[in-house]
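Q: sequence first, then the predicted structure, then my questions.
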Protein chains: 2
Amino acid sequence: MKKGLLQIYIGDGKGKTTAAVGQVIRALGHNMRVFWLSFFKDPKKWGHGEIKMLKSMGVDTRNFVCQHPWFKKRIKKTSARKQCSDVPEFILGLFKKNYDLIVLDEVNDAISADFIDEKEILSVLEQKPESVEIIFTGRNAPSALTKKAGLVTEMKMIKHPYGKGIKARRGIEY
Amino acid sequence: MKKGLLQIYIGDGKGKTTAAVGQVIRALGHNMRVFWLSFFKDPKKWGHGEIKMLKSMGVDTRNFVCQHPWFKKRIKKTSARKQCSDVPEFILGLFKKNYDLIVLDEVNDAISADFIDEKEILSVLEQKPESVEIIFTGRNAPSALTKKAGLVTEMKMIKHPYGKGIKARRGIEY
């Protein structure tokens, strides 16, 4: 990997997390070292399929905050902020560990919900080693972040089975 | 997997193939059986990273037509049509082999370029077993196909490093 970029996947359509997973697989195919940092994935439910697989392939993982902000009634902002308070330092630590690719799955929503301070994340990105590729996913990303990105794709929902009353399916949506 | 759908990933942004790869990983995490059928990927170059990994994880694969239609000068339509002539029958054969998920990577472009007959593909989809999930990727999909889909996401390019003269990078774009 020559010059590492910040890639951001946003939008309301299916494909943001799976695109990041696919990017990890591609990197592993070239013997790169990968860290997968997720937000809001309850390891007992969501993300089970992919995270189990990524771990088995030697990807190091960690999750911050087990509940999704979509269920805001169940999540207190002060509690979520506290759970996320180590995130900037944690990422800076990863920068010292020779990872080629670092994924922050759903981090855009953690920043948009103000669980993580936007300015702190921007400062962390300033310290990214040149060679490291970093991927942020999540519906909405602040414009200060997309400005810093080398690649931004919007996953735009054209059609989704949820609209037809089909619930999330094992092996497909999680 | 309960009811299998046709998922289609279109658009000019990065993330269509990687989202399909991620979907495969998620399915494998639930012990599902997967077939990966690609178009236009020269096994010596593109797709090397992900296809090597998918094979090593027990995914069965096959590629039709090694050259991409973006390089149309080098590819003859009659030759490409001939190379694709077995595709419908091949997919029907897969339907009999108990795969849970079948990916046709870049097939949208093969259909748009008329290397595969749209009506034949529609007829194949009519014969899809209820439980099978099937994913089509590629920039442009005919509307008759998106009509049949249960899920369509457009990967829309907001920003791409190619615009800044950065070439495709090993482990990231292939």
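A: Yes, it's here. Residues are numbered from 1 along each chain as shown, chains lettered A, B, ... in the order given.
Q: who's in contact with the helix or strand hosting residue A:157?
A: Assessed by DSSP states H and E, residue A:157 sits inside strand A:151-159. Strand A:151-159 has contacts (C-beta atoms under 8 Å, 6 or more residues apart in numbering or on different chains) with A:5-16, A:19, A:141, A:146, B:10-11, B:13-15, B:19, B:146, B:149-161. All C-beta spots, glycine's among them, are computed from the backbone N, C-alpha and C.
Q: any of those buried? List them.
A: A:5-11, A:13-16, A:19, A:141, A:146, B:10-11, B:13-15, B:19, B:146, B:149-161 (16 or more other C-beta atoms under 10 Å in any protein chain shown).
Q: now the helices for chain A?
A: A:16-28, A:48-56, A:77-84, A:87-95, A:107-112, A:118-126, A:143-148 (DSSP state H).
Q: among those helices, which is nearest residue B:173?
A: helix A:16-28 (8.3 Å; C-beta to C-beta).
Q: does chain B sit close to the closest one?
A: Yes - Helix A:16-28 is in contact with chain B by C-beta under 8 Å from any C-beta of the partner chain, via A:16, A:17, A:18, A:19, A:20, A:21, A:22, A:23, A:25, A:26, A:27, A:28.
Q: can you read off the pLDDT for the residue positioned nearest the centre of chain A?
A: With distances taken as C-alpha atoms, centre = their mean, residue A:105 lies nearest the centre of chain A, 1.3 Å away. Looking at residue A:105, its pLDDT is 96.
Q: surely it and residue A:137 touch.
A: Yes - between residue A:105 and residue A:137 there is a contact at 5.1 Å, judged by C-beta atoms under 8 Å.
Q: got the contact list for the residue nearest to the centre of chain A?
A: Here residue A:105 is in contact with A:17, A:20, A:36, A:37, A:38, A:39, A:41, A:47, A:137, A:138 (C-beta under 8 Å, 6+ apart).
Q: give me that answer again for 10 Å
A: When contacts are counted by C-beta atoms under 10 Å, 6 or more residues apart in numbering or on different chains, residue A:105 touches A:9, A:16-17, A:20-21, A:36-41, A:47, A:50-51, A:61, A:63, A:135-138.
Q: name the helix or strand of chain A that has the lowest mean pLDDT.
A: helix A:48-56 (a mean of 85; mean pLDDT, DSSP states H and E).
Q: what's the angle from that helix to helix A:16-28?
A: 20 degrees (axes from the mean of the first three to the mean of the last three C-alpha atoms, to 10 degrees).
Q: does chain B sit close to helix A:48-56?
A: Yes - Helix A:48-56 reaches chain B (C-beta under 10 Å from any C-beta of the partner chain) through A:48, A:49, A:50, A:51, A:52, A:53, A:54, A:55, A:56.
Q: please export the C-alpha coordinates of that helix as PDB.
A: Extracted C-alpha coordinates of helix A:48-56, given in PDB (Å, rounded to 0.1, in the frame of the first residue of the first chain):
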ATOM      1  CA  HIS A  48     -22.000 -11.700  14.700                       C
ATOM      2  CA  GLY A  49     -21.600 -13.200  11.200                       C
ATOM      3  CA  GLU A  50     -18.900 -10.900  10.000                       C
ATOM      4  CA  ILE A  51     -17.000 -10.200  13.200                       C
ATOM      5  CA  LYS A  52     -16.700 -14.000  13.900                       C
ATOM      6  CA  MET A  53     -15.300 -14.400  10.400                       C
ATOM      7  CA  LEU A  54     -12.900 -11.500  10.600                       C
ATOM      8  CA  LYS A  55     -11.500 -12.700  14.000                       C
ATOM      9  CA  SER A  56     -11.000 -16.100  12.600                       C
END
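Q: for that helix, buried residues please.
A: A:48, A:49, A:50, A:51, A:52, A:53, A:54.
Q: thought residue B:19 was touching the third one, still the case?
A: Pointing back at residue A:50 there. No - Residue A:50 is beyond contact range of residue B:19, at 11.8 Å (criterion: C-beta atoms under 10 Å).
Q: shared neighbours, the two?
A: With C-beta under 10 Å, 6+ apart as the test, residue A:50 and residue B:19 both reach A:17, A:18, A:20, A:21.
Q: alright, that wraps it up for me.
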